[in-house]
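> dropping the sequence and predicted coords here.
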Amino acid sequence: MFGFETQEVERKELSILRILSDSQEPLGARVIARRLKDHGVELGERAVRYHLKLMDERGLTRTVGRDGRLITESGIEELRTAMVRDKVGFAISRIELLAFRTSFDRKKRTGSVPINVSFFSRGKFAPALQAMKPAFAQGLGVSDLVAVAQERERLGEITVPEGRIGLATVCSIVVNGSLLKAGVPIDSRFGGILQVKNHYPLRFVELIHYAGSSLDPSEVFIRAKMTSVGEVAASGNGKILANFREISALCRPVAEEVVAELKEAGLGGLLLMGNTSEPVCEIPVELNKIGVILLGGLNPVAAAAEAGIEVENRAMSTVIEYQNLIKFEELMR
């Protein structure tokens, strides 16, 4: 019994640490409680204050000002290493949460969409834009709609660190969220590296299953320098980030309608929709299911990384209002 209670306390404290780690500014108990609720964790303001006191004593957080807290280096290290078993399957949980939080209305073109957030040093942002331009021009991302924030400004719930510029790219989970709201169940299988030949998707050469991963596959592949998005943009040959999903064959008409409406709103992402029960890019599909391949939203950012530009990515990180997005080409003016 006591072991279970200890685990529950640890999980709650780790949830609080995650909220604090996403903020460059001190947060009070009220704000933390509200953000925890947005992430599906029910913890009242008084309970948050109690846990913060315990974490202050352990050196995981520190008080700033009257009531605000910041995460310490010890807190960051705790977040990295604690409860690894709970992190297995973290990726799929993140997908489900962001799909649920996607409120984009395809008819009115309002509401929130899921985003990835990438941080560049100020001096490298202009070269990064140049490196990403061909990938956006060739439609290798989910959308050519982006958002930019300077240091200490926010992209959704993420605060941009000092000395950095933040770039938000639309995440492929926008398709999950939109299908979910249209009544179409979707099974997110894995993220992978997709080989492209003569502009046509050929086969997956690497993959990481969401259900067994504690990390976002796209972040892993970019960090490992396993993509060649720039080459694909230039010649139609190379390797890009892609995601594999499955839907029921009966839902195909609705899914096609949803995808078409998203595309009209500048939110693409669909690369290929297979036939019933047939393999897609050499990946077997279950009976009466359809395989769906979605482009990785971080493909343009991967092109910048390939050009030797340092970037810190937080894939599947938060949501942002659709109206706050602008065309990538506007950044080039």
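Perfect, thanks for sending it. Numbers count the residues shown, from 1 in each chain.
> name the spans of the stretch 1-150 of the chain whose pLDDT lies under the cut-off.
1-7, 82-90 (pLDDT under 70).
> that one: strands as residue ranges?
Taking DSSP state E, counting those that start in this stretch as the criterion, the stretch 1-150 of the chain carries its strands at 61-64, 68-71, 112-121, 145-149.
> list the buried ones in the helix ranked longest in the chain?
Longest helix in the chain, counting residues (DSSP state H): helix 2-21. Of the residues in helix 2-21, those buried by neighbour count under the rule 16 or more other CB atoms under 10 Å are 12-17, 19-20. For the C-beta atoms, the positions are set from N, CA and C on the backbone; glycine is no exception.
> hmm, back to that, which of the strands of the stretch 1-150 of the chain is buried the deepest?
strand 112-121 (a mean of 25; mean count of other CB atoms under 10 Å).
> counting by contacts, list what that strand packs against.
Taking 3 or more CB pairs under 8 Å, 6 or more residues apart in numbering; DSSP states H and E as the contact definition, the neighbouring helices and strands of strand 112-121 are helix 90-101, strand 164-170, helix 173-181, helix 299-306, strand 312-321.
> of all the ones you listed, which one is nearest Leu331?
Among the helices and strands packed on strand 112-121, strand 164-170 comes nearest to Leu331, with 8.7 Å by CB to CB.
> that closest one pairs with which strands?
Each strand pairing with strand 164-170, determined using DSSP bridges, is listed with its direction: strand 112-121 (antiparallel), strand 145-149 (antiparallel).
> taking strand 312-321 as reference, get the angle to that strand.
Note on geometry: by axes from the mean of the first three to the mean of the last three CA atoms, to 10 degrees, strand 164-170 and strand 312-321 are set 60 degrees apart in direction.
> what about the stretch 151-300 of the chain, any weak spots by pLDDT?
Within the stretch 151-300 of the chain, the ranges that satisfy pLDDT under 70 run 214.
> now the helices for it?
If you assign secondary structure with DSSP state H, counting those that start in this stretch, the helices in the stretch 151-300 of the chain sit at 173-181, 217-223, 229-235, 252-264, 299-306.
> buried residues, stretch 302-319. List them.
302-306, 309, 311, 313-319.
> Val319 touches Gly156, doesn't it?
Yes: shown here, Val319 and Gly156 form a contact pair, counting by CB atoms under 8 Å, at 5.5 Å.
> spit out the residues that contact these two alike.
Ile115 (CB atoms under 8 Å, 6 or more residues apart in numbering).
> which residues does the closest residue to Asp105 other than its chain neighbours contact?
Spatial nearest neighbour of Asp105, chain neighbours left out: Gly111 (4.9 Å); criterion: CB to CB, 6 or more residues apart in numbering. Counting by CB under 8 Å, 6+ apart, Gly111 touches 102-105, 321-322.
> nearest to Arg62, of the residues you listed?
Out of the contacts of Gly111, the one with the shortest distance to Arg62 is Glu321. That distance is 32.3 Å, counting by CB to CB.
> wait, doesn't that closest one sit right on Ser112?
Yes: Glu321 is within contact range of Ser112, at 5.7 Å (criterion: CB under 8 Å).
> count the neighbours of Ala265 for me.
Taking other CB atoms under 10 Å as the criterion, the count of residues near Ala265 is 19.
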